[in-house]
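Trainee: mind folding the following:
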Amino acid sequence: MWIIILFIIILIVYFGICGYAALTFTKVDDHPQFTDDPGTFGLDFETVCFRSRMDHLQIAGWFIPNRGAERVMILVHGRDASKQNAISGKFPRLAAELHGAGLAVLMIDLRGHGESEGKRYTFGVHERRDVLGAVDFLLEQGFMPGKIGVLGISLGGAAVIGAAVEEEAIGVVVVDSIFADIKMLVQPKWKVESGLPLFFLPGVFLMWQLLFGFDLRKVKPVEELAQIPPRPMLVLHSQVDEKVDVAHAHVIKKAVPEVELVIFEDCNHAELYRDSPEDYLAVVIPFLREKWGN
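Mentor: Residues are numbered from 1 along each chain as shown. Predicted coordinates:
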């Protein structure tokens, strides 16, 4: 009897720790605040709100129209950032550069970030609904299917990949600092980042599924990317990315040869444009023009 009681107590403690870790895993942390917006670069922009597809959360955005432009890019930040604060505050500048290249731009706050509703993140599984809501908004503005592009950074990359799989109106996909497979991302760093032994990880995955309704182990952007061709895809990564090893980019290229892969030499995770702005634009803008059209 005492053995059974001890076993039950151990299970309660184990899954209690796993549940707490799963909840902590989804928490959106604070991000340094910056002040630039599209107006800083002389652009007229509109503060807009729309609903995410399926679960109808209110998503905030900045829409930067471009007179006569037929094509529009949705810009999606990474974890613990926002439309204003991503890339160490350089996100609005990137939007201005794309606008200068002849594109309209929609910058959004993912759920739980910036001014959007929500409290947690889900490695792109639910965030894709925010991107799909942005697509719906742009279709209502008169943009035609195929003329809507997406650029996502890290978590935002997973979100735009998932959205492109579900929505053929997305005509081009650019992802920056994206992971290929969640297990490949989490497992090597689990002990250091969580402070827990590796044997807790299966329990965390189980509790995640119970709490959030999907199996985190099945989050594999590399498999979803394979469903996007023949639409053009560009993958950007840093050789020295400290959070998502460059091996993820090579796994993607091997699995999906259709992607165009560009490796930057000395940039921090999700900071490629901040650390190498000229090289970044020299890759992204010609890619959009040549593969997607002017």
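
Trainee: and N294, what pLDDT?
Mentor: N294 carries a pLDDT value of 53.

Trainee: repeat for I17
Mentor: At I17, the model reports a pLDDT of 91.

Trainee: those strands in the stretch 51-200 of the chain, which residues are they?
Mentor: Ranges of strands within the stretch 51-200 of the chain are 58-64, 72-76, 104-108, 148-153, 170-176, based on DSSP state E, counting those that start in this stretch.

Trainee: quick one: which of these is nearest S88?
Mentor: Nearest of these to S88, taken as CB to CB: strand 148-153 at 11.7 Å. The way it works is simple: take the backbone N, C-alpha and C, and place the C-beta from them, glycine included.

Trainee: mind checking how far that closest one is from the chain centre?
Mentor: Centre-to-centre, strand 148-153 and its host chain are 9 Å apart (CA atoms, centre = their mean, to the nearest Å).

Trainee: hang on, D44 in a helix?
Mentor: No - according to DSSP: H, G, I helix; E, B strand; the rest coil, D44 belongs to no helix; its state is coil.

Trainee: hang on, it packs against F63?
Mentor: No - if you go by CB atoms under 8 Å, D44 and F63 don't touch, sitting 10.0 Å apart.

Trainee: counting neighbours, go ahead and name the busier of those two.
Mentor: F63 (20 against 10; other CB atoms under 10 Å).

Trainee: wouldn't that one be in contact with E46 here?
Mentor: Yes - at 4.7 Å, F63 and E46 qualify as touching, with contact defined as CB under 8 Å.

Trainee: what's around the closest residue to F41 other than its chain neighbours, how many residues?
Mentor: Distances taken as CB to CB, 6 or more residues apart in numbering put A96 closest to F41, at 3.8 Å, once the chain neighbours are dropped. By other CB under 10 Å, 20 other residues sit near A96.

Trainee: and A96, how far from M73?
Mentor: 12 Å (CB to CB, to the nearest Å).

Trainee: any idea which helix or strand in this protein has the lowest mean pLDDT?
Mentor: For the chain, the helix or strand with the lowest mean confidence is helix 190-194, at a mean of 80 (criterion: mean pLDDT, DSSP states H and E).

Trainee: who's in contact with that helix?
Mentor: For helix 190-194, contacts defined as CB atoms under 8 Å, 6 or more residues apart in numbering pick out 21, 196-198, 200-201.

Trainee: buried sites along whichever helix or strand comes after it?
Mentor: Downstream of helix 190-194, the next assigned helix or strand under DSSP states H and E is helix 201-212. By 16 or more other CB atoms under 10 Å, the buried positions in helix 201-212 come out as 201, 203-208, 212.
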